[in-house]
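Engineer: Have a look; sequence and predicted model below, questions after that.
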Amino acid sequence: MKKRVVITGLGAVTALGEGAEPLWDAVLANRSGIGVLDLGAGWKPLGAVLKNFDGEKYVVQKKSLKVMARDIQLAVAAASLAVRDSNLEVPAAARDRFGVIVGCGVLNHELEELAPSIQNAVGPNGKVDLKKFGEDGISSLFPLWLLKYLPNMPACHISILFDLQGPNNTLTTGASSGLQAVGEAFRIIQRGSADLMLAGGAESKVNPVGLTQYEILGVLSQPSGADPSTVYRPLDAEGKGFVAGEGAGFLLLEELEHARKRKAKIYAEITGFGSSSNRGRKTAVEAALHDAAILPKALNYVQASGLGLEEEDLLEADALEGLVNGSARELSVSGSKAVTGFTGFASGALDLILSSLALKHQTIPPTLNFKKPRRPWKFSVVCDKPLKVKIENALTNAFGLNSPSVSVVTRTVKES
């Protein structure tokens, strides 16, 4: 018999602050963390940055900070906040039943670290010579430099910090990584291979290397002279690209009876998980609903991926319209990225945190900067102010940028 899995801890680190509650409060209040960045040389792109973050608050062994990129520090912070929020105290004997899965990818290097190596690799023609970089450039790097930027390092540091001896994995599936990690952790507990799992993602691309990648792809919203917080418009007809943000989101997943025995607070129950190809949004949604054993009409609310790129938004809209096709009912949809910025690997986990709080408070948060749909839709985008409504089942999506399509269904906890 499959185990039931619930969410008992939430940890978020975003431009809105440290903790899930500051994020929730900002989303309800339509308060964005997006502003203008000054990266030097006259480059002032838009971005959502967490100010005054101090990784030392969360890292016990301070020397570990030398091999922890900012993404890793954000991940450790969010995971720590999720454990703290859960009021969990795990005896040593249970460590092998407690694991972690992180959605991540290759982390961005800091230019200050690379500059000496690049300088030593410049050939007589003034261009970087890769052979010379291998011979002379690499020796200029900090000996443990690579350990700061490997995708599996967040999961390693989290497991070391909490002495987690259960399942441990890293998923590098792009923008859907964080939500995919939650889905895989859900499956691990469901089949009885663990009692507790930390799952989520982290990313920081609000730096020259990360933003240059997005600039090359041509996906960034450009400063327009208007209020920076009004430029990013997910799902809106005037939306023209996204604004990068940094952040981390982690959830503590727990087997239901394990949670009840320790009298844990429960935000929501995970009932369905679906995953498909980058173009398989409808397939992922339908798979999640099938796994949850509910019909589309039982769905009350969707926390949309809402990336803000025209093609991506329209593809997600197609998948959502399939849920209401032939029905007169309204499906309420919300998107949060105009508040946090697009946080990459962390985005799906942060959206699941918001949908979990929506279930707890029976309130759907508004979609900041949404005025007009890209086309007439069969669902309703919640905007302007929060919507107080009975929510039993929610769907959270993580789509876009050629990543797999991932959907997760959650519900208010039932006794049977």
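Structural biologist: Yep, it's here.

Engineer: Past the helix or strand containing residue 99, which element shows up next along the chain?
Structural biologist: Assigned by DSSP states H and E, residue 99 falls within strand 98-103. Counting by DSSP H and E, the next helix or strand C-terminal to strand 98-103 is helix 111-120.

Engineer: Can you point out the buried residues in that next one?
Structural biologist: Applying a neighbour-count criterion of 16 or more other Cβ atoms under 10 Å, one finds 114, 117, 120 buried in helix 111-120. Where you see a C-beta, it was placed from the backbone N, CA and C, and this is true even at glycine.

Engineer: Then stretch 40-60?
Structural biologist: Going by 16+ other Cβ under 10 Å, stretch 40-60 has these buried residues: 45, 46, 47, 48, 49, 50, 53, 55, 58, 59.

Engineer: Which helix or strand contains the last one?
Structural biologist: What it means is residue 59. With DSSP H and E as criterion, residue 59 is part of no helix or strand.

Engineer: care to break the chain down by domain?
Structural biologist: 5-111+144-261, 271-411 (automatic domain parsing).

Engineer: Need those in TSV (columns: mean pLDDT).
Structural biologist: Shown next, in TSV, are those (pLDDT from 0 to 100):
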stretch	mean pLDDT
domain 5-111+144-261	94
domain 271-411	94
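
Engineer: could the ones you listed go into TSV alongside distance to residue 129?
Structural biologist: Formatted as TSV, the domains of the chain follow (distance: least, Cβ to Cβ, whole Å):
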stretch	distance to residue 129
domain 5-111+144-261	19
domain 271-411	32
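
Engineer: Nearest to residue 127, out of those?
Structural biologist: domain 5-111+144-261 (17.9 Å; Cβ to Cβ).

Engineer: Start and end of the closest one, how far apart?
Structural biologist: Taking Cα to Cα, to the nearest Å, domain 5-111+144-261 runs 14 Å from one end to the other.

Engineer: related to what we said a few turns ago, could I get the buried residues of helix 111-120 in TSV, plus columns for pLDDT and distance to residue 403?
Structural biologist: Formatted as TSV, the buried residues of helix 111-120 follow (pLDDT from 0 to 100; distance: Cβ to Cβ, whole Å):
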residue	pLDDT	distance to residue 403
114	75	27
117	79	31
120	82	36
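
Engineer: just curious, which of these is nearest to residue 265?
Structural biologist: Closest to residue 265, out of all of the buried residues of helix 111-120 and judged by Cβ to Cβ, is residue 114, at 45.1 Å.

Engineer: now the spatially closest residue to the closest one that is not a sequence neighbour: how far from residue 120?
Structural biologist: Excluding its sequence neighbours, the residue lying closest to residue 114 (Cβ to Cβ, 6 or more residues apart in numbering) is residue 141, at 8.0 Å. Going from residue 141 to residue 120 by Cβ to Cβ, to the nearest Å gives 10 Å.

Engineer: Same check on residue 246?
Structural biologist: 30 Å.

Engineer: and the angle from the longest helix along the chain to strand 98-103?
Structural biologist: Secondary structure assigned by DSSP state H gives helix 70-86 as the longest helix of the chain. Per axes from the mean of the first three to the mean of the last three Cα atoms, to 10 degrees, the angle that helix 70-86 makes with strand 98-103 is 140 degrees.

Engineer: counting contacts, what elements does helix 70-86 pack onto?
Structural biologist: strand 5-14, helix 153-162, strand 196-204, strand 246-255 (3 or more Cβ pairs under 8 Å, 6 or more residues apart in numbering; DSSP states H and E).

Engineer: Am I right that residue 208 is in contact with residue 39?
Structural biologist: Yes. Using Cβ atoms under 8 Å, residue 208 is in contact with residue 39, at 5.6 Å.

Engineer: Among the two, which residue is more densely surrounded?
Structural biologist: With neighbours defined as other Cβ atoms under 10 Å, residue 208 and residue 39 compare such that residue 208 has more, 19 against 15.

Engineer: Can you name the residues that contact that one?
Structural biologist: 39, 43, 111 (Cβ atoms under 8 Å, 6 or more residues apart in numbering).

Engineer: Helix, strand, or coil at the second one?
Structural biologist: Pointing back at residue 43 there. coil (DSSP: H, G, I helix; E, B strand; the rest coil).
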